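**Student:** Structure for this input, please:
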Amino acid sequence: MINRLVFANLIHRPIRSLISVVAIALEVTLILMIVALSYGMLEDSKARQAGIGADVIVQPPGSSNLIGLTGAPLPVKIGDVVRKLPHVDTVTPVLWHLNKERNLEVIYGIDLATFNDLRAPFHYLAGGPFQAPDDVIVDDYYAGGHHSKVGDKMQVLNHEFRICGIVAHGRGARRFFPLATLQDLTGSLGKASVFYLKLDDPKNADAVVGEIKAVPGMENYSTISMDEYLSMMKADNLPGFNIFIRTVVAVAMVIGFLVIFQSMYTAVMERTREIGILKSLGASRFYILRVILREALLLAVGGILAGILVSFVSRTVIVQRIPTLRLLPLTGHWVMIATVIAIIGALMGAIYPAVKAARKDPIEALAYE
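**Tutor:** Predicted coordinates for the structure are as follows:
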C-alpha cells in the first residue's frame, strides 16, 4: 500500500520528479567524472615517468613533484659533473615546459641520443628521429587525437614545427622537441629542468644519490631514486589535491540536499489536505514520515542510476574523442562513494519536510484550502 502511494505521488508530479532525478544524476556524474579525470591524469603522469627508464632523477632545490612546474634553473654543464661519478652510465638533460596555448600540456626538450640511452630507443610507428631543429616527435595518443601524420605542421611558441616521427606512448611527454630549439624558444639557453640518470645497476641508486649530494654545491639539490620519486606522486603528496576532491564532493552533496529539500517541502505543502485525510483514516506520524522519506529515496535511486550511466557514457566518449586525456576507470569503490553521498544528501534534504508533514494536525489539514 505504502509503495503504491509513493509511486502515485511521484507520477502525479512528473516534471518535479524528473528535475529531482536529473539534479541527483548531475551530483553523481560530477563526483565520478572529477575523480576519473583527476586520478586518471595523476596515474597517467606517473606511468609515463616510469616509462622513461631512468634510475635516478636530479632536480634543483625546492622542486615540486608536479611535472612542469620546475622551470629550467639547472645548467646543462652539471651533467658533465654527474656523468663522471661511479655507476652512472647515462645522463640526459630534459627541459620541461608547461605549454598553455590550447590546453595545459608539459612538452619536453630532449637530447635524443642520450634520452634513448635511458631505455630502448623510441619505437617509431611512422617516420623517424629529428632531422632538423624545427622537427617534433609525437606519441600515438597525440597523433590519434589530432589526426596527425608525419609531415604535418604545428605551431608551438609561435614557431612552426614539422612532425618527423610518431612513437609509442609512455615515455614522459606527448610531444618531444630538440633540446636546443626549446631552450632558445623559452629563453633557457644552456639550461634544463631535470637530469635523468641511468645506472649500471638500479640497486646502486641510493649510493649514487649520496655521491651526488656529496658534490660541492649540489648538497641541496633534489636528488632521489626514480622509485622514490614515483612513490611521491600520490594524491596525499600533491598540495591541494585532496582538498579539491573533498570540495567537489561537498558541492555535489549540497546540490542533492537542496534539490530534494525543495522538492519534498513543496510536495508537503501541496498535499496538506491529502496528509490530513491519511491521518484522519488512522495513518500514524511514522507512516507519513516513511512515505516522504521513501519518495526522496526513490528519487535518489533514480538519479544515482542515471548518473552512473551518464558517467560511463561520458567517459567512453571523452576517451574516444580526446585520446591524450587519460581518465581513471569508474571503479566500484567510487561508484559506491557517490551512491552513499547522493543517498545521504537526499535523506538529509527530506528529513525536515517529512517531520513537518508528520506533525500536521489532521483537523487543520482537512480545513486547509
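
**Student:** Tell me where the stretch 251-369 of the chain has helices.
**Tutor:** Counting by DSSP state H, counting those that start in this stretch, one finds helices in the stretch 251-369 of the chain at the ranges 272-280, 285-321, 332-358, 362-367.

**Student:** what secondary structure does the residue minimising distance to the centre of the chain sit in?
**Tutor:** By CA atoms, centre = their mean, the mean C-alpha position of the chain lies nearest to Ser38, the distance being 1.2 Å. Using DSSP: H, G, I helix; E, B strand; the rest coil, the structure places Ser38 in helix.

**Student:** ok, for it, nearest residue in space, not its chain neighbours?
**Tutor:** What sits nearest to Ser38 in space, not counting adjacent residues and going by CB to CB, 6 or more residues apart in numbering, is Ile245, at 6.5 Å. From N, CA and C alone the C-beta is placed, and that goes for glycine too.

**Student:** Got phi/psi on the one you found?
**Tutor:** With angles defined as degrees, to the nearest 10, Ile245 sits at phi -60, psi -40.

**Student:** Tell me who's in contact with it.
**Tutor:** By CB atoms under 8 Å, 6 or more residues apart in numbering, the contact set of Ile245 is Ile34, Val35, Ser38, Ala235.

**Student:** Tell me, how many residues neighbour the first one?
**Tutor:** In this case it means Ile34. 17 (other CB atoms under 10 Å).

**Student:** next one: the last one
**Tutor:** For Ala235, the tally of surrounding residues (other CB under 10 Å) stands at 13.

**Student:** Tell me which residues touch it, please.
**Tutor:** Taking CB under 8 Å, 6+ apart as the criterion, Ala235 is in contact with Tyr39, Leu42, Phe241, Asn242, Ile245.

**Student:** Please report how far the last one lies from Gly128.
**Tutor:** According to CB to CB, to the nearest Å, Ile245 and Gly128 sit 42 Å apart.

**Student:** Check the first one too.
**Tutor:** Distance, Tyr39 to Gly128, using CB to CB: 35 Å.

**Student:** Compare the two (neighbour count), which wins?
**Tutor:** Neighbours were counted for Tyr39 and for Gly128 using other CB under 10 Å; Tyr39 has more, 19 against 14.

**Student:** What's the separation between that one and Leu199?
**Tutor:** 31 Å.

**Student:** do Phe244 as well
**Tutor:** Applying CB to CB, the value for Phe244 to Leu199 is 36 Å.

**Student:** Compare these two (neighbour count), which wins?
**Tutor:** Shown here are Phe244 and Leu199; by other CB under 10 Å, Leu199 has more neighbours (21 against 14).

**Student:** Identify the residue nearest the more buried one in space, chain neighbours excluded?
**Tutor:** Leaving aside its sequence neighbours, Leu199 sits nearest to Asp55 (CB to CB, 6+ apart; 4.4 Å).

**Student:** Tyr229 now?
**Tutor:** In space, and not counting its chain neighbours, Tyr229 is closest to Ile57: 5.2 Å by CB to CB, 6+ apart.

**Student:** Can you check my assumption that that neighbour lies in a helix?
**Tutor:** No: using three-state DSSP, the secondary structure at Ile57 is strand, not a helix.

**Student:** circling back: need the contacts of Ile245 in JSON lines (columns: secondary structure).
**Tutor:** Converted to JSON lines, those look like this (three-state DSSP):
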{"residue": "Ile34", "secondary structure": "helix"}
{"residue": "Val35", "secondary structure": "helix"}
{"residue": "Ser38", "secondary structure": "helix"}
{"residue": "Ala235", "secondary structure": "helix"}
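
**Student:** May I see those organised as TSV, with distance to Arg174 and pLDDT added?
**Tutor:** Formatted as TSV, the contacts of Ile245 follow (distance: CB to CB, whole Å; pLDDT from 0 to 100):
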residue	distance to Arg174	pLDDT
Ile34	22	86
Val35	23	86
Ser38	19	83
Ala235	23	70
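
**Student:** Nearest to Glu160 among those?
**Tutor:** For these, the closest approach to Glu160 (CB to CB) belongs to Ser38, at 34.0 Å.

**Student:** who's in contact with the closest one?
**Tutor:** Listed by CB under 8 Å, 6+ apart, the contact set of Ser38 reads Phe241, Phe244, Ile245, Leu328.

**Student:** Closest to Ser20 out of these?
**Tutor:** Nearest to Ser20 out of the contacts of Ser38 is Ile245 (CB to CB; 25.4 Å).

**Student:** For Phe122, give me phi and psi.
**Tutor:** Dihedral angles for Phe122 - degrees, to the nearest 10 - are phi -50, psi 140.

**Student:** can you count the residues close to it?
**Tutor:** Phe122 sits with 19 neighbouring residues when counted by other CB under 10 Å.
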